[in-house]
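> Dropping a prediction and its sequence here:
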Amino acid sequence: MDFVSGLPSSSRKKDVIWVIVDRLTKSAHFISVRMDYSLDKLAELYISEIVRLHGVPVSIISDRDPRFTSRFWDKLQEALGTQLYFSTAFHPQTDGQSERVIQVLEDMLRCCILEFEGNWERYLPLIEFAYNNSYQSSIKMAPYKALYGRKCRTPLYWTKLSEKKIHGVDLIQETEEKVKVIRDSLKAASDRQKSYADLKRKEIEFQVGDKVFLKVSPWKKVLQFGRKGKLSPRFIGPYEIIERIGPVAYRLALPPELDRIHNVFHVSMLRRYRSDPSHVISPTEVEIQPDMTYSEEPFKILARETKELRNKKINLVKVLWQKHGIEEATWEPEEAMRKQYPNLFTDPENSNTKLDRGKEKVPD
């Protein structure tokens with residue numbers, strides 16, 4: 001199970017879809033909820049929408065959402081006799097079924113909004129109906145048939161009866177057309193996602209003795225760098241592989257400067273090294289933290305400038321960052337830099353930096 005969040009608020013103030021998928025039959029339930037629903041409310045929906053129809057599950061696989069890791073949810077499932085399992089970092093395949101269903105669901109929702117207009121919650125029951133009655137290659141049948149042992153009697157069969165014996169023929173025809181559109185969208189989304197996955201899927205393996213680069217990521221709380229994005233480097237190394245730990249993890253021979261870091265890494269954090277002396281980046285220059293992050297530090301103020309808006313003026317400073325060239329210097333608000341790096345402005349050399357005379361006027 002998982003949540004699809006960030007949706008536009010519906011007419012009933014719902015903005016999240018709770019996706020619950022059965023591992024055996026692949027049947028899915030899409031339950032519209034609100035982000036601010038309490039755990040009591042979610043537990044009530046779980047009992048009324050899932051346990052009422054299918055009984056108590058043996059186990060549940062989910063991500064580490066705070067709602068799923070809470071003490072209340074854990075005690076509830078313990079009382080029901082359900083075992084909880086959580087997906088781990090770098091192993092999304094542990095809950096890959098929910099992630100794949102969510103991708104298909106988002107594609108179908110997007111199609112419904114474009115095709116029929118209106119809010120997404122109105123078409124959620126039809127989307128669930130179409131999904132559960134679509135052929136699944138993994139089980140060689142539709143989820144509905146796998147769950148109930150027979151094909152579902154859909155609106156497509158209703159029109160075989162005489163129109164005189166059916167009340168609300170227009171409603172049936174409209175529902176039939178919408179189900180056809182949703183089914184077509186489901187197949188198109190499934191085919192598209194399969195083609196993307198087939199293109200990118202490749203098994204990455206290294207041998208003991210190979211040298212690899214190690215991926216690091218900038219600290220998210222440091223100052224943003226505008227359109228230039230996060231500043232390099234993205235990888236450090238190279239380091240030698242000394243042991244293979246399972247099918248997707250390797251142990252590296254790290255230098256003494258990185259002895260505080262656990263030396264086993266997932267294959268997604270490694271890149272094969274092609275021998276070239278210019279590729280070597282010293283870890284001491286990057287100052288890697290124990291959690292494999294690093295922070296950028298300003299080195300010098302190169303220039304000052306004042307931008308005049310319609311109702312105010314903004315003082316800017318051009319900052320040269322450590323371990324970066326002048327071409328990578330960025331313009332930052334002086335007030336923010338004074339708060340975050342006060343020592344930068346105590347340097348006499350920076351204090352005497354001249355203000356640029358050419359004032360640029362920016363439209364408000």
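Cool, got the structure.

> Can you tell me how far Glu305 is from Phe206?
Plainly put, Glu305 is 49 Å away from Phe206 if you go by Cβ to Cβ, to the nearest Å. (C-beta placed from N, C-alpha, C; glycine too.)

> Now do whichever strand or helix holds Glu44: which elements does it pack against?
Assigned by DSSP states H and E, Glu44 falls within helix 39-46. Helix 39-46 is packed against strand 28-33, helix 71-80, with contacts defined by 3 or more Cβ pairs under 8 Å, 6 or more residues apart in numbering; DSSP states H and E.

> Show me the domain layout of the chain.
Following the TED database, the chain resolves into domains at 2-159+171-199, 202-220+232-277, 298-344.

> okay, those in CSV with mean neighbour count next?
What follows is the domains of the chain, written out as CSV (neighbours: other Cβ atoms under 10 Å):
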stretch, mean neighbour count
domain 2-159+171-199, 15
domain 202-220+232-277, 14
domain 298-344, 14
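
> how about these in a markdown table, adding mean pLDDT?
Output for the domains of the chain, formatted as a markdown table (pLDDT from 0 to 100):
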| stretch | mean pLDDT |
| --- | --- |
| domain 2-159+171-199 | 80 |
| domain 202-220+232-277 | 81 |
| domain 298-344 | 85 |
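
> In a markdown table: the helices and strands packed on helix 39-46, plus distance to Met108.
Shown next, in a markdown table, are the helices and strands packed on helix 39-46 (distance: least, Cβ to Cβ, whole Å):
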| stretch | distance to Met108 |
| --- | --- |
| strand 28-33 | 10 |
| helix 71-80 | 28 |
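
> How about the contacts made by Lys145?
Residues near Lys145 by Cβ atoms under 8 Å, 6 or more residues apart in numbering: 151-152.

> Please apply the same query to Gln83.
58-60, 77.

> Just give me the closest of the residues you listed to Ser38.
Taking Cβ to Cβ as the measure, Ser38 sits nearest to Gln77 out of these, at 16.8 Å.

> thinking that closest one is in contact with Ile60, fair?
Yes. Between Gln77 and Ile60 there is a contact at 6.7 Å, judged by Cβ atoms under 8 Å.

> residues bridging contact with those two, i.e. touching both?
Overlap of the contact sets of Gln77 and Ile60 (by Cβ under 8 Å, 6+ apart) consists of 83-84.

> If Lys313 is in a bridge, with which residues?
Counting by DSSP bridges, Lys313 is bridged to Glu308.

> roughly how far apart are it and Glu327?
Distance, Lys313 to Glu327, by Cβ to Cβ: 27 Å.

> Could you do Arg274 as well?
According to Cβ to Cβ, Arg274 stands 26 Å off from Glu327.

> same thing with Glu334?
Glu334 is 21 Å from Glu327, by Cβ to Cβ.

> Show me the residue at the heart of the protein, geometrically.
Centre of the chain computed as the mean C-alpha position; nearest residue by Cα atoms, centre = their mean is Glu99, 9.7 Å away.

> does that one really touch Asp2, like I thought?
Yes. When contacts are counted by Cβ under 8 Å, Glu99 is listed as touching Asp2 (7.0 Å).

> ok, the residue lying closest to Arg12 once chain neighbours are set aside - contacts?
Counting by Cβ to Cβ, 6 or more residues apart in numbering, Arg12 lies nearest to Glu121, which is 6.4 Å off, once chain neighbours are set aside. Residues near Glu121 by Cβ under 8 Å, 6+ apart: 10-12, 14, 32.
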